[in-house]
Structure formats: C-alpha cells, structure tokens
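Visitor: Pasting the sequence and the predicted coordinates here, then a few questions.
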Amino acid sequence: ETFIFGDSIQTIPYQALYDMSQIKSILIGSNVDTIGNYAFRGCSGLTSVDFPQSVRVIGSNAFENCDGLLSIEIPSSINSIGGYVFNGCDSLATILWNTNVLSFNNVFSGCNNVQSVTIGDSVRIVPNNFMDGRSSLRTVSFGANVDTIGNYAFRGCSGLTSIVFPESVSAIGSYAFENCDKLLSVEIPSSINSIGGYAFYNCSSLKSLVIPESVTSIGSAAFEYCSSLTNMTIPSRVSRIESLAFNGCSSLESMVIPNGVANIGSYAFYNCSSLVNIIIPNGVKNISLSLFEGCSSLENITIPSGVT
C-alpha cells in the first residue's frame with residue numbers, strides 16, 4: 001500500500017501514519033516543509049523514504065521502529081532534525097548524510113545494523129555523537145568539504161578498520177574514535193591542525209600513524225592504550241605533549257620528540273613497556289617523576305641539563 005502526500009501539503013502532522021505497518025511506500029510532495037513528531041513511527045513495511053528538497057524539519061521519533069527501512073538519504077535542505085528520529089530501525093544499513101545540522105540527539109539510536117555511512121559534500125561539520133556506539137559500521141566516506149569531526153562522532157564503532165580523511169579536515173574532536181578497537185590504519189592529511197583529547201583512545205589495533213607537520217595540538221590521552229602502535233613522530237609545531245598522551249602504548253619502541261616541545265604532561269609515556277630510547281629536547285624544563293613509570297625496556301634517556 002502506498003500513501004501519497006500531495007503538493008498542496010506543507011506539514012505532515014503529528015502521528016500521521018502512526019503504527020500503520022501495512023504501508024509499503026510513501027510519496028512526499030514537493031512542497032512539504034515539515035514532518036511531524038512520530039509521523040511514521042512503527043511503519044515497519046517501509047523500506048526506503050525519499051525526501052524532496054523542500055523538507056527542512058524532521059520531527060522527533062518520526063521514523064522510530066520502521067524496522068524494514070534499509071537505506072536513508074538526509075538532504076542538504078534539512079536544518080532541524082529531532083531526537084530519536086530513526087530509533088529502532090534495525091534493518092537500516094546505508095546512510096547518506098548531507099546536512100549541516102549540529103543539534104543531534106540520538107538520531108540513529110538502536111540502529112544496530114548500519115554498515116555504511118557517506119558524509120556528503122554539503123557537510124562541513126560531522127555532529128557530536130553522530131555514529132556513537134554503532135559497532136556494526138564498516139565503512140565511512142567523508143565528503144570533500146568536511147572541516148571538523150565532532151566529539152564522540154564515531155566512538156565505539158568497533159567494526160571500522162580504516163579511516164581516510166579528506167584534505168579539508170582541520171580538527172578531530174575529543175573522543176572522536178574512542179574504542180574503535182579494530183581500526184588498523186588512519187590517514188591524517190596535512191590540513192589537520194588539532195587532534196582532541198582521547199581522540200583515538202583504546203584503538204588497540206592501530207599499528208602505524210603519521211601525524212603531519214600541520215598539527216599543532218594533541219590533546220590529553222589522544223593515543224592512550226593504542227597498544228599496537230610501534231613508532232611515533234611528534235610534529236615540530238607541537239609545543240606540549242599532554243598528560244597520558246601515550247599511556248599504555250605497550251608496543252611503542254621509538255618516539256621522536258621535536259625541539260619545539262617545552263612541556264611534557266604527567267604519565268605521558270606511562271606503561272610504554274617496549275620503549276627503548278628517548279631524547280628529551282632542550283626546551284623542556286620540567287618533567288614528572290611518573291613520566292616513564294612502567295617503561296620496563298627503557299635503556300637510554302637523554303635529559304637536557306637544567307631539567308627539574
């Protein structure tokens with residue numbers, strides 16, 4: 001059964017087709033501006049929805065428990081999207097996200113089978129918590145104009161194995177890829193200047209990572225418990241290594257710290273049990289007693305005179 005919302009309609013009302021599981025498809029007219037809260041909740045027969053470019057607002061829980069929905073495309077015209085819009089859409093596998101909406105409240109909560117996400121070219125900022133906890137996610141493709149990866153955006157996406165950022169990205173938010181424990185490789189372009197705290201926390205399969213010279217800031221615990229990392233070079237423009245930055249990087253054998261570094265936070269290399277050699281640059285004036293605690297393989301430390 002198909003339900004048609006004609007071109008004379010601007011607003012699809014609250015609970016318009018609530019729990020109408022017999023609906024197989026809907027046609028949304030070219031003048032629809034708003035889809036109301038719970039409008040299609042429980043329409044389990046829907047497999048896809050096409051939004052015209054006229055739609056600006058999708059209300060809360062609008063497609064909740066549409067568990068037959070396989071794919072969705074969010075167009076660039078959307079400027080407001082409510083909470084839990086696709087909550088419980090268990091069959092949703094493919095998402096094209098092409099809007100710059102930043103207010104994001106569990107839009108894809110309970111979508112436990114998402115496999116592929118494409119961030120469109122209209123998007124500048126991937127919102128906070130975007131795919132938080134979507135462990136089924138296998139691939140992410142970023143559009144050419146993405147500038148910022150939001151906080152917690154891909155936290156717990158344990159199915160991801162690789163990430164390639166476009167040259168447009170300048171900032172990776174805090175906790176952005178926390179607990180992506182199958183992530184093997186990350187390509188960070190020379191456009192990036194900031195890596196947030198805990199950004200790659202517990203990415204325990206990550207073996208190699210090149211941080212480009214463009215990076216000036218690496219947050220606290222950014223690579224904590226990246227236990228498969230074997231080597232790391234800190235870019236020359238970084239002036240401070242934050243606390244816990246490499247804590248628990250138990251496979252890290254070598255670390256190059258540039259001369260521009262003036263401060264090294266506490267526990268920065270705590271439990272780096274494979275680290276053999278390290279040179280503290282001349283600009284560093286103070287180091288913590290805990291800095292190399294648990295570095296059981298450390299044979300040589302070069303510390304400049306005057307360090308306290």
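Guide: Arrived safely, thanks for sending. Numbers count the residues shown, from 1 in each chain.

Visitor: Only C-alpha atoms from now on, for both contacts and neighbour counts.
Guide: Noted.

Visitor: What residues of stretch 100-117 count as buried?
Guide: By neighbour count, and taking 16 or more other C-alpha atoms under 10 Å as the criterion, the buried residues in stretch 100-117 are 100-101, 104-117.

Visitor: Then stretch 58-68?
Guide: Neighbour counts over stretch 58-68 (16+ other C-alpha under 10 Å) mark 58-68 as buried.

Visitor: And for stretch 195-214?
Guide: By neighbour count on 16+ other C-alpha under 10 Å, the buried set for stretch 195-214 is 195-209, 211-214.

Visitor: can you give me the end-to-end distance of it?
Guide: Across stretch 195-214, the straight-line distance between its terminal residues is 11 Å, by C-alpha to C-alpha, to the nearest Å.

Visitor: do the same with stretch 283-298
Guide: End-to-end distance of stretch 283-298 (C-alpha to C-alpha): 22 Å.

Visitor: And for stretch 188-196?
Guide: Using C-alpha to C-alpha, the end-to-end distance of stretch 188-196 comes out at 13 Å.

Visitor: Show me where this structure dips below the pLDDT cut-off.
Guide: Under the criterion pLDDT under 70, the flagged ranges of the chain are 308.

Visitor: which residues of it fall in helices?
Guide: Secondary structure of the chain (DSSP state H): no helices located.

Visitor: would you turn the buried residues of stretch 58-68 into TSV with distance to F177?
Guide: Conversion of these to TSV gives the following (distance: C-alpha to C-alpha, whole Å):
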residue	distance to F177
I58	28
G59	28
S60	27
N61	27
A62	28
F63	27
E64	26
N65	27
C66	28
D67	27
G68	29
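
Visitor: Filter these down to the ones in strands?
Guide: Using DSSP state E, the members of those that fall in strands are I58.

Visitor: Go through the buried residues of stretch 58-68 and say which is closest to N286.
Guide: N286 has its nearest neighbour among the buried residues of stretch 58-68 in S60, at 52.2 Å by C-alpha to C-alpha.
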